[in-house]
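Asker: sequence and predicted structure, then a few things I'm wondering about:
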Amino acid sequence: MINNAQSEMITERIKKIVRDVPDFPKKGIIFKDITPLLADNATFTETIKCMAAKYKGCGITKVLGIEARGFILAAPIAMELGAGIIPVRKKGKLPYKTISETYALEYGEDTLQMHEDAVRKGEKVLIVDDVLATGGTAKAVVALVEKLGGKVEGIAMLIELEFLNGRKKLAGHDVFSLIKY
(Lines give C-alpha, C1' and ligand atoms only; values in the text may rest on other atoms or scores of the structure.)
Protein backbone atom coordinates (compact mmCIF):
# COMPACT_ATOMS: atom_id res chain seq x y z
CA MET A 1 0.00 0.00 0.00
CA ILE A 2 1.21 3.51 -0.80
CA ASN A 3 1.07 6.02 2.04
CA ASN A 4 0.49 9.80 1.75
CA ALA A 5 4.18 10.69 1.96
CA GLN A 6 5.03 8.29 -0.87
CA SER A 7 2.12 9.60 -2.93
CA GLU A 8 3.31 13.19 -2.49
CA MET A 9 6.86 12.24 -3.55
CA ILE A 10 5.55 10.50 -6.67
CA THR A 11 3.29 13.46 -7.45
CA GLU A 12 6.20 15.90 -7.25
CA ARG A 13 8.33 13.69 -9.53
CA ILE A 14 5.51 13.45 -12.07
CA LYS A 15 5.01 17.23 -12.08
CA LYS A 16 8.70 17.67 -12.94
CA ILE A 17 8.44 15.16 -15.78
CA VAL A 18 5.15 16.19 -17.43
CA ARG A 19 5.95 18.70 -20.17
CA ASP A 20 3.96 21.86 -20.94
CA VAL A 21 3.43 22.44 -24.65
CA PRO A 22 2.10 25.97 -25.29
CA ASP A 23 -0.47 26.65 -28.00
CA PHE A 24 -1.34 22.99 -28.62
CA PRO A 25 -3.72 21.90 -30.05
CA LYS A 26 -4.63 25.55 -30.56
CA LYS A 27 -3.42 28.98 -29.51
CA GLY A 28 -3.94 29.80 -25.84
CA ILE A 29 -3.98 26.20 -24.60
CA ILE A 30 -1.11 24.74 -22.58
CA PHE A 31 -1.11 21.00 -23.32
CA LYS A 32 0.08 18.66 -20.54
CA ASP A 33 2.29 16.16 -22.41
CA ILE A 34 2.63 12.88 -20.50
CA THR A 35 4.94 11.19 -23.01
CA PRO A 36 8.10 11.97 -20.95
CA LEU A 37 6.42 10.23 -17.99
CA LEU A 38 5.62 7.20 -20.15
CA ALA A 39 9.28 7.01 -21.19
CA ASP A 40 10.48 6.97 -17.55
CA ASN A 41 9.90 3.36 -16.53
CA ALA A 42 10.47 3.80 -12.78
CA THR A 43 8.22 6.83 -12.38
CA PHE A 44 5.55 5.45 -14.71
CA THR A 45 5.49 2.19 -12.72
CA GLU A 46 5.13 4.10 -9.44
CA THR A 47 2.39 6.26 -11.00
CA ILE A 48 0.35 3.19 -11.95
CA LYS A 49 0.81 1.61 -8.52
CA CYS A 50 -0.24 4.86 -6.85
CA MET A 51 -3.35 5.26 -9.01
CA ALA A 52 -4.36 1.62 -8.53
CA ALA A 53 -3.72 1.61 -4.76
CA LYS A 54 -6.81 3.71 -4.06
CA TYR A 55 -9.04 1.03 -5.62
CA LYS A 56 -7.44 -2.17 -4.27
CA GLY A 57 -10.02 -4.19 -2.40
CA CYS A 58 -12.98 -2.33 -3.98
CA GLY A 59 -14.01 -5.29 -6.14
CA ILE A 60 -13.34 -3.54 -9.45
CA THR A 61 -14.05 -6.02 -12.25
CA LYS A 62 -13.45 -3.74 -15.25
CA VAL A 63 -11.19 -0.77 -15.87
CA LEU A 64 -12.45 1.43 -18.64
CA GLY A 65 -9.81 3.39 -20.62
CA ILE A 66 -10.81 6.45 -22.62
CA GLU A 67 -9.22 6.90 -26.07
CA ALA A 68 -6.32 7.29 -26.45
CA ARG A 69 -3.98 8.09 -23.56
CA GLY A 70 -6.48 6.55 -21.14
CA PHE A 71 -5.71 3.17 -22.73
CA ILE A 72 -2.04 3.51 -21.73
CA LEU A 73 -2.95 4.09 -18.09
CA ALA A 74 -5.96 1.77 -17.85
CA ALA A 75 -4.21 -1.42 -19.00
CA PRO A 76 -1.55 -1.56 -16.26
CA ILE A 77 -4.05 -0.33 -13.64
CA ALA A 78 -6.36 -3.21 -14.64
CA MET A 79 -3.47 -5.63 -14.23
CA GLU A 80 -2.72 -4.23 -10.75
CA LEU A 81 -6.37 -4.68 -9.78
CA GLY A 82 -6.85 -8.08 -11.41
CA ALA A 83 -9.59 -6.66 -13.62
CA GLY A 84 -10.45 -6.67 -17.31
CA ILE A 85 -9.99 -3.62 -19.51
CA ILE A 86 -12.56 -1.95 -21.73
CA PRO A 87 -11.63 0.52 -24.47
CA VAL A 88 -13.97 3.45 -25.02
CA ARG A 89 -13.41 4.89 -28.48
CA LYS A 90 -14.60 7.61 -30.78
CA LYS A 91 -17.53 6.73 -33.04
CA GLY A 92 -16.87 4.13 -35.71
CA LYS A 93 -13.63 2.67 -34.26
CA LEU A 94 -14.96 -0.49 -32.57
CA PRO A 95 -15.68 -3.64 -34.63
CA TYR A 96 -18.65 -5.13 -32.76
CA LYS A 97 -22.12 -3.86 -31.78
CA THR A 98 -21.82 -0.69 -29.73
CA ILE A 99 -23.70 1.72 -27.52
CA SER A 100 -23.06 5.45 -27.94
CA GLU A 101 -23.10 8.66 -25.96
CA THR A 102 -22.88 12.08 -27.60
CA TYR A 103 -21.60 15.02 -25.57
CA ALA A 104 -20.94 18.72 -26.07
CA LEU A 105 -17.52 20.10 -26.89
CA GLU A 106 -16.44 23.73 -26.82
CA TYR A 107 -17.37 23.93 -30.52
CA GLY A 108 -19.79 21.20 -31.56
CA GLU A 109 -20.12 17.68 -30.20
CA ASP A 110 -18.47 14.28 -30.22
CA THR A 111 -19.61 10.70 -29.71
CA LEU A 112 -18.01 7.92 -27.69
CA GLN A 113 -18.77 4.23 -28.01
CA MET A 114 -18.11 0.93 -26.29
CA HIS A 115 -19.18 -2.60 -27.07
CA GLU A 116 -22.68 -3.40 -25.90
CA ASP A 117 -21.43 -6.46 -24.00
CA ALA A 118 -18.45 -4.72 -22.32
CA VAL A 119 -20.10 -4.32 -18.91
CA ARG A 120 -22.54 -6.68 -17.23
CA LYS A 121 -25.28 -5.47 -14.90
CA GLY A 122 -23.89 -4.81 -11.42
CA GLU A 123 -20.21 -4.91 -12.40
CA LYS A 124 -17.96 -2.45 -10.59
CA VAL A 125 -16.15 -0.22 -13.06
CA LEU A 126 -13.22 2.17 -12.72
CA ILE A 127 -12.99 4.86 -15.40
CA VAL A 128 -9.43 5.98 -16.24
CA ASP A 129 -8.03 8.81 -18.37
CA ASP A 130 -5.01 11.07 -18.45
CA VAL A 131 -6.63 14.48 -17.94
CA LEU A 132 -9.84 15.75 -16.37
CA ALA A 133 -10.58 19.09 -18.02
CA THR A 134 -14.21 20.19 -18.44
CA GLY A 135 -15.58 16.76 -17.47
CA GLY A 136 -17.70 16.22 -20.58
CA THR A 137 -15.85 13.14 -21.78
CA ALA A 138 -15.86 11.45 -18.37
CA LYS A 139 -19.56 12.25 -17.90
CA ALA A 140 -20.34 10.62 -21.26
CA VAL A 141 -18.41 7.51 -20.23
CA VAL A 142 -20.29 7.35 -16.92
CA ALA A 143 -23.53 7.38 -18.95
CA LEU A 144 -22.28 4.49 -21.11
CA VAL A 145 -21.47 2.35 -18.07
CA GLU A 146 -24.81 3.13 -16.46
CA LYS A 147 -26.73 2.32 -19.67
CA LEU A 148 -25.41 -1.23 -19.35
CA GLY A 149 -26.24 -1.45 -15.65
CA GLY A 150 -22.67 -1.15 -14.41
CA LYS A 151 -21.72 0.71 -11.24
CA VAL A 152 -19.04 3.41 -11.54
CA GLU A 153 -16.86 2.77 -8.47
CA GLY A 154 -14.50 5.60 -9.33
CA ILE A 155 -13.09 7.96 -11.91
CA ALA A 156 -9.28 8.07 -11.80
CA MET A 157 -7.36 10.77 -13.63
CA LEU A 158 -3.63 11.28 -13.78
CA ILE A 159 -4.05 15.07 -14.07
CA GLU A 160 -6.90 17.41 -13.15
CA LEU A 161 -7.09 20.95 -14.49
CA GLU A 162 -9.02 22.35 -11.51
CA PHE A 163 -9.63 25.77 -13.07
CA LEU A 164 -11.94 24.13 -15.65
CA ASN A 165 -14.26 22.73 -12.93
CA GLY A 166 -14.71 19.33 -14.61
CA ARG A 167 -15.36 17.69 -11.26
CA LYS A 168 -18.72 19.52 -11.08
CA LYS A 169 -20.08 17.51 -14.02
CA LEU A 170 -19.19 14.33 -12.14
CA ALA A 171 -20.95 15.20 -8.89
CA GLY A 172 -22.04 12.12 -6.98
CA HIS A 173 -19.06 10.07 -8.21
CA ASP A 174 -15.74 9.35 -6.54
CA VAL A 175 -13.22 11.36 -8.58
CA PHE A 176 -9.51 10.88 -7.91
CA SER A 177 -6.74 12.82 -9.59
CA LEU A 178 -3.10 12.24 -8.77
CA ILE A 179 -1.95 15.69 -9.91
CA LYS A 180 -3.85 18.95 -9.80
CA TYR A 181 -3.04 22.12 -11.69
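Answerer: Sure, I can see it. Numbering: from 1, shown residues only.
Asker: enumerate every residue touching the residue nearest to the spatial centre of the chain.
Answerer: Centrality entry for the chain: nearest residue to the mean C-alpha point is Asp129, 1.8 Å, by Cα atoms, centre = their mean. Under the criterion of Cβ atoms under 8 Å, 6 or more residues apart in numbering, the neighbours of Asp129 are 65-66, 69-70, 73, 137-138, 157-158. To be clear about C-beta, it is placed using only N, CA and C from the backbone, and glycine gets the same treatment.
Asker: helices of the protein, start to end?
Answerer: 4-17, 35-39, 41-53, 69-81, 136-147 (DSSP state H).
Asker: buried sites along stretch 25-37?
Answerer: 32-34, 37 (16 or more other Cβ atoms under 10 Å).
Asker: and of those, the nearest to Ala5?
Answerer: Closest approach between the buried residues of stretch 25-37 and Ala5, by Cβ to Cβ: Leu37, at 20.4 Å.
Asker: that closest one reaches Thr47, doesn't it?
Answerer: Yes: assessed by Cβ atoms under 8 Å, Leu37 is found in contact with Thr47 at 6.7 Å.
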